[in-house]
Structure formats: C-alpha cells, structure tokens
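1. I need the structure of the sequence given here:
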Amino acid sequence: MCFSFEVSIATFVISWSISLYLLRNNLTKYQRQNIIFLMIFSSMQLADAILWYNKMKKNNINYLVTSYLIPFLLSLQLLYNNFIRLESYGKMDNIIRLISIYFIYYIFIRFNGYSNSSCDSYFSSPIWAGKEVDLYILLGFGILVTYPGYDRELIALLTLIILQLITNSGYGSMWCAITNLVAFYYLYKY
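-> From the prediction side, this is the model:
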C-alpha cells in the first residue's frame, strides 16, 4: 500500500502542531525563522492530502492543487529562504535570487496539469503533474532552499540519496515527508 490521505494529513498536523508549540517559546531570530520555514515546507503535506482525498481524479480539484497550490508552496520556500531569511541577516546574493526567480517560473510551468499516484513501492506518493521531477532539479531546489547553510545542504543531498534508495517515484512529496522529521529535531533542540 502506498502513502495515503491519513499519512499526509497526520504529517501536516504533527509538523504544524510542533511548530506552533515551539513558536510560543522564547526563540532566537534564527530558530523562529527555521520554524516558520518548516511550516511552509510541511504545508506541502496538506496539498498531498487533498490529492489523496480526491483519489487523484482528473478533475478541477486535482488541477488547481497541482497547478497552483503546489507551485505556490514550493515558491514560498524559495522566497522565504532567499529573500526574507537571507536579507534579515544581511546576506543578499543577487545570483541566488535570480536563480530562485527562474526556479519559481520553472515550477509554475512544470507543474501545470494533473497529479497521479504511483504505488510501485510501499513508500510511493503523488507524482505532481504526472511526470517525475528530475533529480538535478530536486538537487538545485534543495540547494536553493537550504542556502547558505552547508550543513543543511548536506542533509538535502543525503535525503535525495535516501529517496533514490527507497522509492522509484514521488520524490517531491517524499522529500517533504522525510524532511518533516526536522520537526521532531527542533522539538528536541529548541
């Protein structure tokens, strides 16, 4: 059985619950920004939950979630990391910003369509817009949403390697599901 509505919604609720709990604590600016980014990041599980609940039917709900909600959430990750987080620390990098803008444009073009499910392994998840995300695109996106944290970039790279080992499809959603483990790390650390 592949992942489901229940798994996606539970991942979203757990991540957001931990995040909201932690935001009530006396956090540093850096910690607060990490939590906000996690909330944006884990919102992808809500989009996946909608797709699962809709049973991946090729209808308006699937089209709107795939073509608008998913690209919006992915774009928010790039915007938050490369425009808000970096600027608040005085680390403005115009090249990274231009690449981010290109990626945002690419994301909206690439994910126009309908998602479907791939249950080729236990760990499968929705394939956004019916075509698997290329590994080099995932790697580029991973670097952009973790820049300039080299430790986070290493984690992104390791996550991609793990994804390749445990599943043959649904990398985008799996990326979000696996990295939501960060919520528990933050709960422990903060």
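2. measure the residue of the chain most remote from its centre to Ile36 for me?
-> Going by CA atoms, centre = their mean, the residue of the chain most distant from its centre is Asn26, 26.1 Å out. Note on Asn26: its distance to Ile36, by CB to CB, to the nearest Å, is 16 Å. All C-beta spots, glycine's among them, are computed from the backbone N, C-alpha and C.
3. can you confirm the residue farthest from the centre of the chain is in a helix?
-> No: Asn26 is assigned coil when assessed by DSSP: H, G, I helix; E, B strand; the rest coil, not a helix.
4. going forward can the numbers begin at 364, since that is how I track them
-> Sure thing, new numbering starts at 364, so read that last one as Asn389.
5. what are the phi and psi angles of it?
-> Main-chain dihedrals, Asn389, degrees, to the nearest 10: phi -80, psi 90.
6. Please name the residues that touch Gln396.
-> By CB atoms under 8 Å, 6 or more residues apart in numbering, the contact list for Gln396 reads Ile447, Arg448, Ser451.
7. Tell me which entries of these lie within strands.
-> Using DSSP state E to define strands, no part of the contacts of Gln396 is located there.
8. show me where this structure has strands.
-> Secondary structure of the chain (DSSP E): strands located at 479-480, 489-490.
9. Highest mean neighbour count out of the ones you listed?
-> strand 489-490 (a mean of 26; mean count of other CB atoms under 10 Å).
10. What strands line up against that one, and which way round?
-> Paired neighbours of strand 489-490 in the sheet (DSSP bridges): strand 479-480 (antiparallel).
11. So for the residue farthest from the centre of the chain, what's the pLDDT?
-> We have a pLDDT of 94 for Asn389.
12. rewinding a little: can I get the buried part of the contacts of Gln396 as one PyMOL selection?
-> PyMOL command restricting these to the buried ones, with burial defined by 16 or more other CB atoms under 10 Å:
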select buried, resi 448
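13. Reformat the contacts of Gln396 as CSV; add distance to Ala546 and pLDDT.
-> As requested, these are exported to CSV (distance: CB to CB, whole Å; pLDDT from 0 to 100):
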residue, distance to Ala546, pLDDT
Ile447, 20, 88
Arg448, 18, 84
Ser451, 22, 74
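14. a markdown table for the contacts of Gln396, including distance to Ile462?
-> Listed next are the contacts of Gln396 as a markdown table, based on distance: CB to CB, whole Å:
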| residue | distance to Ile462 |
| --- | --- |
| Ile447 | 16 |
| Arg448 | 16 |
| Ser451 | 20 |
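15. Just name the closest of the contacts of Gln396 to Ile506, please.
-> Of all the contacts of Gln396, Ile506 sits closest to Arg448, with 14.5 Å by CB to CB.
16. Run through the residues that contact the closest one.
-> Residues in contact with Arg448 (CB under 8 Å, 6+ apart) are Gln396, Phe400.
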